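Novice: Sequence plus the predicted model coming up.
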Amino acid sequence: MRRRGLATYGLAGLLVGMAFMAGCSEEGGSDTKTGPTPATEETSSRGNDEQAAFDPLGPYEEPITVTQVLGFAPPQDASTPSSTTPETNAYVTKLKDMLNIDLKYLWTVPSDQYDQKFSLSVASGDLPDVMAISQSDFEKFKEDDLLADLTAAYENYASPNLKAFVEKDGGAALQLFTDADGKILGLPNYLDPYSSLQLMWIRTDWLENLQLEVPRTFEELERVAEAFVTGDPDQNNVNDTYGITMNKDLISWGFDARGVLYTMGSYPKAWVKDAQGKLVAGETTPETREALQTLQAWYQKGILDKEFAFKDIDKVVEDVVAGKVGIAFGEWWYPEWPLNLSKDSDPKAEWTAFPLPSYKGVPGKPLIPKANITKVLVANKKMKHPEALVKMANFYDVINSPEYAEENKPANGYVYSWFEPRFYNPTDIADTYKRINQALTTGDASHLTLSDQTLYENALAFREGDASKWGHYTSRVDENGGWGLTEKLKGEPVVYNEFAGTPTPTQIEKGSSLDKLTDETFLKIIVGSAPIEEFDKYAESWRKLGGSEITDEVNDWYATESGK
Amino acid sequence: MKKIKRSKLEFSLHLMLIPGVIVTLIYAYGPMAGIVMAFQRFRPTLGFFESKWIGWDNFRYVFALPDFMQVLWNTLVIALLKIVFGLAVPLLLALLLNEVTKSYFKRLVQTSIFLPFFLAWTVLAGVIFEIFSYSGPINSMLAAFHMEPIMFMGDDGWFRAILVGSDVWKGMGYNMIIFLAAITGINPSLYEAAVVDGAGKWKQMIHITLPGMSQIIILISVLSLGGILNAGFEQILLLYNPTVYGTADVIDTFVYRLGLFDQQYGPAAAVGLFKSVISLLLVGVSYALAYRLSNYRIF
Amino acid sequence: MAYHNSRLRKLFLLGNALLLSAITFLCIVPFIHLLAVSLSSNTAAMAAEVKLWPVGFTLDAYAYLGQKPEFFRSLWVTVQRVVLGTALNMLLVVLCAYPLSKEPRQFRFRTGYVWFFAVTMFFGGGLIPTYIIVKETGLMNSLWALILPGALNVWHLVLLLNFFRNTPKEMEEAGLIDGAGHWRLLWSIYLPVSGPALATVFLFTIVGHWNAWFDGILYMNSPSNYPLQTYLSTLVTSLSKVSITVDDLSQLQNLSDKTLRTAQIFLGALPIMLVYPFLQKHFTKGITIGSVKG
């Protein structure tokens, strides 16, 4: 009876948390860009007659208060004065200066407690004026009629840049947050769907040690992986290495089975089109069955860590850093973390990215989501000045333009990661990648934006031999690196996760039971505690326990959505 | 000097209780009104007053979830093992420690045994993984004795043993202190008399120490029993993996994965209420038993 | 007749000492490991190379913590809550345990009160209703939010109640005959004699307040009001169940700091580990049975 309920809820609060308020990984970089585009018009406020009535950055005559809540992490940039708090953030004071808006925080908490605290606020009826929420929260708030109509605010006040960011994909994402009457209830922030593209990262120094070629086919992959197990690739005379990383969550966000499964045409926990054009759940397809069989064989051979089923990402990363594994499937950002730590630990370690190998003659097709929405900016219905939301977004964008380059530095107390609303350029990474590479080739750095600068300098430093910049360089600049390869693969065939809606009723009710069944069965098959025939029983159960209903619901959604 | 009148005496007792009663009313009974969530389709935006009343539906929903019975069974088994060992081990330790004469050694042991209590499970889980891993120290020892390595974390039986064992290890200091305090409460003259009667240390323990502690032992047992449906959420959540769901999934982890805690307040409250009622029942029954059998009123 | 198995006895004592030593070792080892990790270089820690001795010795993690004014501020908050909270808790628990330890003969509503308190051990409203009540009573963001809601711990109450009940009735009788009221009895007779029980509850209460971190998150609106453990928990993000986006990548850098996490754990637990031995002697004091002569 000691600390019953609290510990329980405490853990519950560590659920899927989007650290909305954490910044991007570049030192001091921002994600909204203002280059030499017409955006600079906004800074001269009253002049423009057509915009006189609707000034994107017009200050308020009387000060208005806008409330928010914040989940924050310590500022990344070490030059930030240590006494800076969210309330004394230079962005906040500047906002007051420029727009006469008093930004007040109802509460601030560390980002991983944000979800918990936010649910409490919601439950006790204490919502702030401006919020950055998830897609599913958006649906709930919309249903409960808590959101302000942002249509007028957006149309009248949004700066051209803001509109560009929000509608980069032609307005598809924005549509998701517009209600049936055409009222805009939320402004989405989304990413390039290709940012979750699966790549194959390999310890090329091991390949060299064992005199192996880069695997292009699945069979070659198996041979290389086996060699990594038995061939003592790290040349320390101990058989302490294994082939491919895997953690106990087969489908998660890193060091999981996605890359391997996608190569084999298996797409669990996603909805893909079958031969008839209907959506089917990836869990129960014959390809998945085959894939599991292969993984089972791999496990026997020691290609997968014998204890992967008990390890979470934390522990697998330890293996990566310690140099115990040679192949890791994952996304473009691995070099920034944790591969950089692997290099710290062993300077001889070389990690290089390759496309997924081909399977049975067909190139492996990774899964791409239809839309990659990170957060939605909404305003409380009770908010008196909903257009302030839009103005604040404009403000953020403008403050990050070259005009403010001198002022807008972490050393002056500007902590961008603590400020909302913050809209990204969805193609940010790609744009930066192209710009910096152009600058490196031509030597002309004039087109670089504020946030590109640091990365550019790091790239130059790396090219001159500063190995500590390897991580960011390889992820974001190197043409053969993480993003470089992703860009190259953009034309290649992929499989789309067709379902982009919010969870269906049966999914809400039975989804997690089904997930549990899936997780348990798949793992058991792979580690060999259950024979592959178990899969057939599983597929039956899956359908009976709600899978069929969900499939129907998803297809209903698909039918109506694909008409749009 | 005269004895004070009875009614006046009683009044002062009531007076003593007032602050405690006030605090309990506000901060324990106040929130209890929230139990009503268990019977509602609770939407935080609607609050308690507007959310729809759906009677027993939340309960029906939770009980009908596949594997709920299995999970309930797991909870009971794991909790019972933890309670039994969580009492026996500290008791044994208290008794053993009582026999130690050198006080600095006694202090050292006592302090050390209490230390694991301060470690959070987030830390311990990592340590446990390392110790019982396939290539870890335990398996190395087994190998030294020419035994097959055991996949502890993936084996139903072993995993359960690890759950119980590590929990007992972490918490034994807590109960041990209570038992030690109970031992010191025993009248020393009883021991003196026993020595005169020729009783050895063993007999002293059986006939004096244990009986002298019996009430506390019963008390702690009953109170622990009340927590039987909390089989150790945080610990299990951090240690388990899908291959041992069959025996290690307990009510709280089950409910957690179902997202009940953050999305579905109604069913979560229903589970909470269910647990409360069972606890009350168990403790009530034990209370009655203790009273009948040994004339000891726990409260 | 003196007991004659002195050889057996010696053997037992030896075995006992060995067993207890082994257990002691088992209990201390994880801490040694943690200390070693916190004093190691981060790369070594991330690669799980550290066993019982630091690899790449460095005081960086501790230096980092020590430099932050927030650390000391939160320490002060915790000290306040420990002092005030423990005082209040002890006061309430003693004041309530005493009357409830009386027989129904002496105190007619005793059983009613007991069940009043006991029920709260089983039933609770849960997180949201408690949060709302704390908010409505104006405690949000105040130190008292960390103190008042848990001011009466029923588990401790039951414990103390039992100890009081076991105090010999003759002592009370003697006091009553002397014309003492309950206040006097409590103060002059029951308390002095309940050393072990009081020390136990005192220890548990202090530890509880020291280790509490979640209520800090719940009820404090700004990190400047956080108690120590809450502050320490803000230094690092938890990896579990996080979904990754471009935004989050920076978070991962924080995760990499295993040594910082471990140093945090250590510093968080250290003070209380140092206090504990001093409270120990109370567990070994015996009851001084006062004279019952009138």
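Specialist: It's in.

Novice: hey, where'd the helices end up in the stretch 51-200 of chain B?
Specialist: Using DSSP state H, counting those that start in this stretch, the helices of the stretch 51-200 of chain B run over B:57-64, B:68-98, B:103-114, B:121-132, B:137-144, B:156-184, B:188-196.

Novice: how about the closest residue in space to C:Leu26 that isn't next to it in sequence, what does it touch?
Specialist: Closest residue in space to C:Leu26, ignoring its immediate chain neighbours: B:Trp169 at 7.4 Å, by C-beta to C-beta, 6 or more residues apart in numbering or on different chains. For every residue, glycine as well, the C-beta is placed using N, CA and C. Applying C-beta atoms under 8 Å, 6 or more residues apart in numbering or on different chains to B:Trp169 gives the contacts B:Pro116, C:Leu26, C:Cys27.

Novice: are any of these buried, and which?
Specialist: Among the contacts of B:Trp169, those scoring as buried are B:Pro116, C:Cys27 (criterion: 16 or more other C-beta atoms under 10 Å in any protein chain shown).

Novice: Show me which of the contacts of B:Trp169 is closest to C:Ala45.
Specialist: Closest approach between those and C:Ala45, by C-beta to C-beta: B:Pro116, at 21.2 Å.

Novice: And the residue nearest to C:Leu26, how far from C:Ile265?
Specialist: Here B:Trp169 is placed at a distance of 17 Å from C:Ile265 (C-beta to C-beta, to the nearest Å).

Novice: okay, A:Arg543: pLDDT?
Specialist: Per-residue confidence (pLDDT) for A:Arg543: 92.

Novice: Next: the one 10 residues further on.
Specialist: Model confidence at A:Glu553, given as pLDDT, is 92.

Novice: can you tell me which residues contact it?
Specialist: Neighbour list for A:Glu553: A:Thr504, A:Pro505, A:Thr506, A:Gln507 [criterion: C-beta under 8 Å, 6+ apart].

Novice: Assess the claim that the third one and A:Gly546 are in contact.
Specialist: Translated: A:Thr506. Yes - between A:Thr506 and A:Gly546 there is a contact under C-beta atoms under 8 Å: 5.3 Å.

Novice: quick one on the thing from earlier: want to throw the contacts of B:Trp169 into a markdown table with distance to B:Asn74?
Specialist: Listed next are the contacts of B:Trp169 as a markdown table, based on distance: C-beta to C-beta, whole Å:
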| residue | distance to B:Asn74 |
| --- | --- |
| B:Pro116 | 24 |
| C:Leu26 | 27 |
| C:Cys27 | 28 |
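
Novice: According to the record, where do the domains of the chain fall?
Specialist: Because you didn't say which chain, this covers chain A. A:15-191+A:372-418, A:198-365+A:503-515+A:548-561, A:429-491 (automatic domain parsing).

Novice: was after chain B, sorry
Specialist: What automatic domain parsing lists as the domains of chain B is B:25-55, B:66-294.

Novice: what residues does stretch A:523-534 touch?
Specialist: For stretch A:523-534, the external contacting residues (C-beta under 8 Å, 6+ apart) are A:248, A:250, A:289, A:292-293, A:295-296, A:299-300, A:304, A:309, A:521, A:535, B:154, B:241-243.

Novice: The helices of the stretch 51-200 of chain B: lowest mean pLDDT?
Specialist: Mean pLDDT is lowest for helix B:121-132 out of those, coming in at a mean of 80.

Novice: shaky segments in the stretch 51-200 of chain C?
Specialist: Of all residues in the stretch 51-200 of chain C, none has pLDDT under 70.

Novice: Can you show me the strands along it?
Specialist: Along the stretch 51-200 of chain C, no segments are classed as strands by DSSP state E, counting those that start in this stretch.

Novice: What parts of it come near chain A?
Specialist: Contact residues (C-beta under 8 Å from any C-beta of the partner chain) of the stretch 51-200 of chain C with chain A: C:Lys68, C:Pro69, C:Met121, C:Gly124, C:Gly126, C:Leu127, C:Ile128, C:Tyr131, C:Ile132, C:Lys135, C:Trp155.

Novice: are any of those residues buried, and which?
Specialist: Of the members of those, the ones counted as buried by neighbours, 16+ other C-beta under 10 Å, are C:Met121, C:Gly124, C:Gly126, C:Leu127, C:Ile128, C:Tyr131, C:Ile132, C:Lys135, C:Trp155.

Novice: Which of these lies at the shortest distance from A:Leu489?
Specialist: Using C-beta to C-beta, C:Leu127 comes nearest to A:Leu489 of those, at 45.8 Å.

Novice: Okay, and the residue nearest the centre of chain C sits in which element?
Specialist: The residue lying closest to the centre of chain C (C-alpha atoms, centre = their mean) is C:Val207, at 1.7 Å. According to DSSP states H and E, C:Val207 maps onto helix C:195-211.

Novice: now that helix, how far from the chain's geometric center?
Specialist: Per C-alpha atoms, centre = their mean, to the nearest Å, the displacement of helix C:195-211 from the mean C-alpha position of its chain is 6 Å.

Novice: now stretch B:9-17
Specialist: Remark: stretch B:9-17 is offset 33 Å from the chain centroid, using C-alpha atoms, centre = their mean.

Novice: And it, what's buried?
Specialist: By 16+ other C-beta under 10 Å, the buried positions in stretch B:9-17 come out as B:Leu9, B:Glu10, B:Ser12, B:Leu13, B:Met16, B:Leu17.

Novice: Of the residues you listed, just say which sits nearest to chain A.
Specialist: Each of the buried residues of stretch B:9-17 was checked against chain A using C-beta to the nearest C-beta; the closest is B:Leu17, at 21.2 Å.

Novice: Which secondary structure state does the closest one sit in?
Specialist: Recorded secondary structure, B:Leu17: helix (DSSP: H, G, I helix; E, B strand; the rest coil).

Novice: Was I right to think it contacts C:Val114?
Specialist: No - counting by C-beta under 8 Å, no contact exists between B:Leu17 and C:Val114, whose distance comes to 10.5 Å.

Novice: Could you pull out the residues contacting both of these two?
Specialist: Listed as contacting both B:Leu17 and C:Val114 by C-beta under 8 Å, 6+ apart are C:Leu100.

Novice: Minimum distance to chain C, which residue of the stretch 301-450 of chain A gives it?
Specialist: For the stretch 301-450 of chain A, C-beta to the nearest C-beta, closest residue to chain C: A:Ala322, 3.7 Å.

Novice: what's the neighbour count on that residue?
Specialist: The burial count assigned to A:Ala322 is 21, neighbours taken as other C-beta atoms under 10 Å in any protein chain shown.

Novice: quick one: it from B:Tyr134, how far?
Specialist: Distance, A:Ala322 to B:Tyr134, using C-beta to C-beta: 15 Å.

Novice: residues from the stretch 151-300 of chain A in reach of chain B?
Specialist: Residues of the stretch 151-300 of chain A lying close to chain B (C-beta under 8 Å from any C-beta) are A:Lys248.

Novice: the strands in the stretch 151-300 of chain A, which residues?
Specialist: With DSSP E, counting those that start in this stretch as the definition, the stretch 151-300 of chain A shows strands at residue ranges A:187-191, A:199-203, A:242-244, A:271-273, A:279-281.

Novice: what's the pLDDT at the closest residue to chain B within the stretch 201-350 of chain A?
Specialist: Relative to chain B, the nearest point of the stretch 201-350 of chain A is A:Phe310 (4.1 Å; C-beta to the nearest C-beta). In this model, A:Phe310 is scored at 85, pLDDT.
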